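Participant: Pasting the sequence and the predicted coordinates here, then a few questions.
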Amino acid sequence: MIAYAAVSLIPLVWIILTSFRTPQDAIAYPPKVVAETSLVGYVNLFTTRSRVAAEDLARGPQERNRGQPDHALVSQPAPVDPTHPSSR
């Protein structure tokens, strides 16, 4: 049982160790067992700007969606085709 637990934890340990590697080492093929450690991934995660422009964030959702009908913002079910065999 202990052996199974140890083997089951290997992928989780690998993921955690990979998160502390440089981007080049993280995607290296063949994978490097021992690699340079780096916090670049975490620095980018917590400091890189969002893909949404600052102007759009400042305007808020009401202004961003201005000009679009309300029904475009809500998902609608697909129309049913009465002639299609699956609808019978």
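Facilitator: Alright, I've got the coordinates.
Participant: Quick check: pLDDT value at Val13.
Facilitator: Looking at Val13, its pLDDT is 92.
Participant: so how many other residues sit close to it?
Facilitator: A count of nearby residues for Val13, using other Cβ atoms under 10 Å, gives 10. C-beta coordinates here come from the backbone N, C-alpha and C atoms, glycine included.
Participant: host element of it?
Facilitator: Element membership of Val13 [criterion: DSSP states H and E] is helix 2-19.
Participant: What's the first helix or strand after that helix?
Facilitator: Using DSSP H and E, the first helix or strand after helix 2-19 is helix 23-26.
Participant: In that following helix, which residues are buried?
Facilitator: Using 16 or more other Cβ atoms under 10 Å as the test for burial, helix 23-26 gives Asp25, Ala26.
Participant: shaky segments in the protein?
Facilitator: 48-54, 56-57, 60-79, 84, 86-88 (pLDDT under 70).
Participant: now what about the helix holding Val13, what contacts it?
Facilitator: Contacts to helix 2-19, defined as Cβ atoms under 8 Å, 6 or more residues apart in numbering, come from residues Ala26, Gly41, Tyr42.
Participant: what number of residues lie near the closest residue to Ala26 other than its chain neighbours?
Facilitator: With sequence-adjacent residues excluded and distances taken as Cβ to Cβ, 6 or more residues apart in numbering, Ala26 is closest to Thr18, at 5.1 Å. Using other Cβ under 10 Å, the number of residues around Thr18 comes to 15.
Participant: likewise Ile16?
Facilitator: Number of residues near Ile16 (other Cβ under 10 Å) recorded here: 9.
Participant: Kindly provide the distance from it to Pro82.
Facilitator: 54 Å (Cβ to Cβ, to the nearest Å).
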